[in-house]
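Peer 1: Let's see this in three dimensions:
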Amino acid sequence: MNYSFQTSDPHHIGVLAAVAAFLIWGFSPLYFRAVDAATAAEVLAHRVVWSLLFSLVLIVIAGEMRNWLRILLNGRMLLVLATSALLVTVNWYGFIWAVTHEMALEASMGYYIMPIFMVLLGRIFLDERLNRNQWISFGLVVLGVLNQLYSMQQLPWLALMLATSFGLYSLVRKKAPVDPLVGLATECLLLTPIALGYLLFLMHNEHLVFTSKGIGFDLLLAGTVLVTALPLILFAFSAKRLRLGTVGLLQYINPTCQFILALFLFGEPFSQHHLHTFLLIWSGLALFSIDSHYSKRVFDFVMQNGTSKSPFCTQSLTAY
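Peer 2: The predicted structure is shown next:
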């Protein structure tokens with residue numbers, strides 16, 4: 001799909017789009033807190049159904065209907081996207097549940113861990129090599145998790161689930177190189193029968209919150225599409241115009257916003273043990289980001305001097 005705008009500075013517009021996407025994701029806990037009268041499962045069902053309708057409208061407007069139908073007729077692609085749909089469902093549900101159960105702080109931890117976890121997945125499943133700094137970064141994250149386990153006698157299972165589900169989702173989607181919007185529409189289409197069935201089940205048992213709290217609340221539930229499809233479109237637009245290293249650094253806006261909301265607005269407890277855990281994870285991320293930036297500069301130098309593409313540099317850059 002061609003996300004294009006007329007501008008004399010594509011890089012500047014790309015940065016603005018990326019920042020907007022990560023800010024929407026980062027402040028989405030406020031939105032899910034606003035609809036917490038509904039259960040996480042009902043909010044998830046609405047998110048699926050309304051995202052399908054919204055993405056279909058955009059597909060028609062963009063003239064991508066033929067491409068989407070081609071995907072629907074591809075059995076192998078549907079199987080891959082069914083897998084990614086299952087993974088993103090786990091991720092969406094886990095995040096909504098975390099925000100509505102005063103665990104936004106741990107959710108932010110999960111999204112801090114995610115980039116480094118994705119590098120590990122690349123090593124395991126795609127045979128991508130990790131350099132020394134990347135191994136050290138991963139080790140610092142592991143130490144942070146172990147510190148949480150030792151000091152609080154509690155494994156940050158929610159953070160690990162969010163990082164794992166989204167990391168695996170990204171890995172699966174890498175095997176299905178479809179347009180983000182078309183992919184989202186397909187995933188939501190596959191999930192919609194289950195989502196509608198669950199909403200009908202709630203209605204039959206008189207537990208459905210939708211239509212019971214007024215038009216304002218109903219519009220909020222329908223508006224969950226704004227924190228689903230809209231940031232995805234902005235992100236896809238920015239990714240076409242920015243370096244991977246730039247996108248990689250900007251993505252930390254998301255968990256940082258979540259961290260700030262959990263600490264200063266939601267008033268979630270933040271002990272010295274939490275601080276030690278986050279310091280270890282942040283240290284790993286800092287080293288990882290510096291290494292990625294250096295690898296990008298080396299890659300640019302090699303390409304500008306006409307040398308063949310280095311597999312090592314390519315693997316470093318595709319880690320995000």
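Peer 1: Name the residues of the helix or strand containing residue 111 that are buried.
Peer 2: Assigned by DSSP states H and E, residue 111 belongs to helix 104-125. For helix 104-125, a neighbour-count test (16 or more other CB atoms under 10 Å) marks 104-123 as buried. Backbone N, C-alpha and C define where each C-beta goes, glycine included.
Peer 1: The next helix or strand after it vs helix 104-125, what angle?
Peer 2: The helix or strand immediately downstream of helix 104-125 is helix 132-152, counting by DSSP H and E. Angular relation of helix 132-152 and helix 104-125 on a 0 to 180 degree scale: 140 degrees, by axes from the mean of the first three to the mean of the last three CA atoms, to 10 degrees.
Peer 1: what's the distance between helix 132-152 and the middle of its chain?
Peer 2: Relative to the centre of its chain, helix 132-152 is centred 22 Å away, using CA atoms, centre = their mean, to the nearest Å.
Peer 1: which helices and strands does it pack with?
Peer 2: Contact analysis of helix 132-152 by 3 or more CB pairs under 8 Å, 6 or more residues apart in numbering; DSSP states H and E lists helix 104-125, helix 272-304 as its packing neighbours.
Peer 1: Tell me which other helices or strands the shortest one touches.
Peer 2: Read that as helix 104-125. Using 3+ CB pairs under 8 Å, 6+ apart, helix 104-125 sits against helix 75-100, helix 132-152, helix 157-174, helix 253-260, helix 272-304.
Peer 1: Any stretches of the stretch 51-200 of the chain with poor pLDDT?
Peer 2: Across the stretch 51-200 of the chain, nothing is flagged by pLDDT under 70.
Peer 1: OK, contacts around residue 87?
Peer 2: 165, 166, 168, 169, 172 (CB atoms under 8 Å, 6 or more residues apart in numbering).
Peer 1: In which helix or strand does the closest residue to residue 253 other than its chain neighbours reside?
Peer 2: The spatially closest residue to residue 253, leaving aside those adjacent along the chain, is residue 22, at 3.9 Å (CB to CB, 6 or more residues apart in numbering). In the assignment (DSSP H and E), residue 22 maps to helix 10-34.
Peer 1: Residues touching that helix, excluding its own?
Peer 2: 5, 7, 43, 95-96, 99-100, 104, 107, 220, 223-224, 226-227, 230-232, 234-235, 237-242, 246-247, 250-251, 253-258, 261-262, 265-266.
Peer 1: can you count the residues close to the residue nearest to residue 253?
Peer 2: Residue 22 has 23 neighbouring residues, counting by other CB atoms under 10 Å.
Peer 1: Could you tell me how far it is located from residue 193?
Peer 2: Distance, residue 22 to residue 193, using CB to CB, to the nearest Å: 32 Å.
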